[in-house]
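Engineer: Sequence and computational prediction follow.
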Amino acid sequence: MKKSKILIGAAVLTIAGFIAIAADHIDAPAVASGTSDITDIYAFQGEDTDNIVFVANVQGLIAPADTGAASFDENVLIEFNIDNDGDAVEDLVIQAIPRDGKMYFFGPIAPSQTGLNSTILDANGFNSVDITAYGSPAVTNTGGGMTFFAGPRDDPFFFDFFRYVDIVTPGDDTGDGQEEGSFLPAGSGPGFASDSFAGTNVLSVVVEVPKSMVGSGDSVNMWVESKRKQ
C-alpha cells in the first residue's frame, strides 16, 4: 500500500493564463528535512499559450556544496492532482517517479482511486527524461505533446524568514527601527527585506502539457502530493 506522506499546497489556476503558487518549507513534521518534503508548487501558462506548466519542488534548503550529492528518492512518487470539475477531487493525475537516473512520467490519466493511496498508472504508456546533473545544462524531453524536466534548480521562492519570526514573536525587538507588525519592502541594504532562501537549491519536477489535456472549462484546481512506498 502506498500512503500519502504530506499534502503541501493547493492552488487554483485559470486556464487563461494566471500564475498560481503555493509554498511551504520544512515545517511539516512528517517530512521535515526528508526526501518527500515538498517546498513549493507552481502552475503557469507556457511560452506556447496553449500549454500549462506544472512545477513541484522538493528537498529545499540544499546548500550548493551539497547539491551534487542530492538526489530524488526512488521510493517517493510525486503526483500532480488535477480537478477539472470543481468538486475538489482529482479527475486526472500526472505521476513522476525516478529510476536509475531518469524521471518517469505517467499521465495525465484518471486515477484508479482517489484520495491518499495511489498506484502507478501506465494505461497511456509513459514518458521519461534524464535527470539533469547539478551544474549541467538543463536536459528536457518531449513526448505525447508534453515536455519534461527533472533536476536541481535554484530555489525561486523569496521569503524573509527572519522578519517573519520578528512579526510573530511578541515583544521581539531586533533594533532595526522598523515596525514589528509588517514585512519590509523589497530592495537591498538595511531596512529592506532579505531572501532567506537565496543561494539554496531544490530538486524540481516540471511538466508542460497542452491545456486541452487537463480540462475544457474556465479553470482547474491543482495540488501536489509526495507518496512514499510502503
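Structural biologist: Structure received. Numbering: from 1, shown residues only.
Engineer: Any idea how far apart the tips of stretch 126-140 sit?
Structural biologist: 15 Å (C-alpha to C-alpha, to the nearest Å).
Engineer: Same question for that stretch: list its buried residues.
Structural biologist: 127-132, 134 (16 or more other C-beta atoms under 10 Å). From N, CA and C alone the C-beta is placed, and that goes for glycine too.
Engineer: who touches it?
Structural biologist: For stretch 126-140, contacts defined as C-beta atoms under 8 Å, 6 or more residues apart in numbering pick out 67-68, 70-72, 98, 101-106, 141, 143-144, 146-152, 201.
Engineer: Outline the domain layout of the protein.
Structural biologist: Here the domain assignment for the chain is 2-156+200-229, 158-196, based on automatic domain parsing.
Engineer: got the buried residues of stretch 126-140 as TSV, with secondary structure, pLDDT and distance to Ile52 columns?
Structural biologist: TSV is the format used below for the buried residues of stretch 126-140 (DSSP: H, G, I helix; E, B strand; the rest coil; pLDDT from 0 to 100; distance: C-beta to C-beta, whole Å):
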residue	secondary structure	pLDDT	distance to Ile52
Asn127	strand	95	16
Ser128	strand	96	20
Val129	strand	98	18
Asp130	strand	98	23
Ile131	coil	98	23
Thr132	coil	97	22
Tyr134	coil	93	27
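Engineer: Please identify the deepest-packed of the domains of the chain.
Structural biologist: Neighbour counts (mean count of other C-beta atoms under 10 Å) averaged over each of these peak at domain 2-156+200-229, with a mean of 18.
Engineer: Nearest the middle, which residue of the chain would you pick?
Structural biologist: Residue closest to the average C-alpha location in the chain (C-alpha atoms, centre = their mean): Ala56, at 1.9 Å.
Engineer: wouldn't that residue be in contact with Ile41 here?
Structural biologist: Yes: in this structure, Ala56 is within contact of Ile41 by C-beta atoms under 8 Å, at 5.3 Å.
Engineer: residues shared between the contacts of the two?
Structural biologist: Common contact partners of Ala56 and Ile41 (C-beta under 8 Å, 6+ apart): Val224.
Engineer: ok, the buried residues of stretch 126-140 vs Phe159, which is closest?
Structural biologist: Among those, Tyr134 lies closest to Phe159 (C-beta to C-beta), at 23.0 Å.
Engineer: Perfect, that will be all.
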